[in-house]
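**Q** fold the following and give me the result.
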Amino acid sequence: PAVQPVAAKKRFDRLPDPCGVIIFGASGDLAKRKIIPALYDLSCEGLLPERSYIVGFARSEMDDKTFRARMGEAVNAFSRHRPVSAAAWDAFASRLTYFRGDYKDPTAFDGLSRRLDTLDSKYRLEGNRLFYLSTPPEVYEDVSRLLGGAGLSREEEGRWVRLVIEKPFGRDLESARALNTLVKQSWHERQIYRIDHYLGKETVQNISVLRFANGIFEPLWNRNHIDHVQITSSESIGVEGRAGYYEEAGVVRDMFQNHMLQLVSMVAMEPPAAFDAESMRGEK
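**A** Predicted coordinates for the structure are as follows:
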């Protein structure tokens, strides 16, 4: 049966502001498996602003039609709203557009800026934009710097602009600090989101509730009663098309120093003073 949009007010007091979502690395595995299907799911559930657009930025040669066809295959494979409704997909696909450019070419970012201005006018937006870096880590610095150079990081006249950076954030402590320094030359800290997508999984989010709001486990969850902890990462897929990424990053940087240690910290952290981002991060 066709998926019917769910009224957003059942889950949230308000929808997110109208905005443009720009995905760098749109031809890659993460965009295909996670980002585009997730945005489609939000659209099906009535949680994506009607006045919004999605731009895929990558180096691959393709046009809007080809990009939409590829993303349609991804949604059919990975969306949680399957089988995909033709009407729901057509409504979502109409927001998708593609921009080909090189991550190190300043003229590409100037062209992207003009394209975004055109889309803002078409969709009657206020200039709110979210830039998602779903790219190989080695181009984070270039994309962040060139977005700033093209004036795309500026927040003016009440609009907001955000930069989302996927893990791994640097190769080690020194390179992570260097990347932070460079990114902050063009972006304010409040604009930057360094994310680990494991933390969005409902089971992971429920760890804190299981620990701190459960009268059975909370008194026992300490070193006096727990002998050891085992965390298993059981993957159902192999390297597949990600060999280039794994050759550069390696499985330890891909899984252990972020996903696995995040889970360890959530299992072992002390109770936070409040369940907000600052308090949780501090205790972890």
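**Q** can you give me the helices in the stretch 51-200 of the chain?
**A** Applying DSSP state H, counting those that start in this stretch to the stretch 51-200 of the chain gives helices spanning 64-78, 86-93, 106-123, 140-149, 173-183.
**Q** out of the ones you listed, indicate the one that is most buried.
**A** Among the helices of the stretch 51-200 of the chain, helix 140-149 has the highest mean neighbour count (mean count of other C-beta atoms under 10 Å), at a mean of 20. Yep, even glycine has a C-beta here, placed from its N, CA and C like the rest.
**Q** distance from the chain centre to stretch 182-201, please.
**A** Relative to its parent chain, stretch 182-201 has a centroid offset of 10 Å by C-alpha atoms, centre = their mean, to the nearest Å.
**Q** residues contacting that stretch, please?
**A** The contact list for stretch 182-201 (C-beta atoms under 8 Å, 6 or more residues apart in numbering) reads 34, 140-141, 144-145, 147-149, 153, 155, 160-167, 169, 204-205, 258-259, 262-263.
**Q** would you agree residue 40 is in contact with residue 91?
**A** No: using C-beta atoms under 8 Å, residue 40 is not in contact with residue 91, being 9.9 Å away.
**Q** gap between residue 50 and residue 205?
**A** 28 Å (C-beta to C-beta, to the nearest Å).
**Q** correction: the previous question concerned residue 109.
**A** With the distance defined as C-beta to C-beta, residue 109 ends up 35 Å from residue 205.
**Q** kindly report the same for residue 101.
**A** Distance from residue 101 to residue 205, by C-beta to C-beta: 36 Å.
**Q** between those two, who's got more neighbours?
**A** residue 101 (18 against 11; other C-beta atoms under 10 Å).
**Q** ok, now which ones touch residue 104?
**A** Residues near residue 104 by C-beta under 8 Å, 6+ apart: 139, 142, 146.
**Q** the same query, at a cut-off of 7 Å, please.
**A** The contact partners of residue 104, by C-beta atoms under 7 Å, 6 or more residues apart in numbering, come to residue 142.
**Q** quick one: it and residue 24, what's the gap?
**A** Taking C-beta to C-beta, one finds residue 104 at 12 Å from residue 24.
**Q** what's the answer for residue 40, then?
**A** Counting by C-beta to C-beta, the separation of residue 40 from residue 24 is 19 Å.
**Q** the residue lying closest to residue 122 once chain neighbours are set aside pairs with what?
**A** If the residues on either side of it in the chain are set aside, residue 122 comes closest to residue 53, at 7.7 Å by C-beta to C-beta, 6 or more residues apart in numbering. Residue 53 has these beta-bridge partners by DSSP bridges: residue 20.
**Q** what are the phi and psi values for residue 233?
**A** When read as degrees, to the nearest 10, the backbone of residue 233 gives phi -100, psi 100.
**Q** and it, how far is that from residue 169?
**A** Distance from residue 233 to residue 169, by C-beta to C-beta: 19 Å.
**Q** these two: who's more crowded?
**A** residue 169 (19 against 11).
**Q** so which elements touch the helix or strand containing residue 203?
**A** Taking DSSP states H and E as the definition, residue 203 sits inside helix 202-212. With contacts taken as 3 or more C-beta pairs under 7 Å, 6 or more residues apart in numbering; DSSP states H and E, helix 202-212 sits against helix 261-268.
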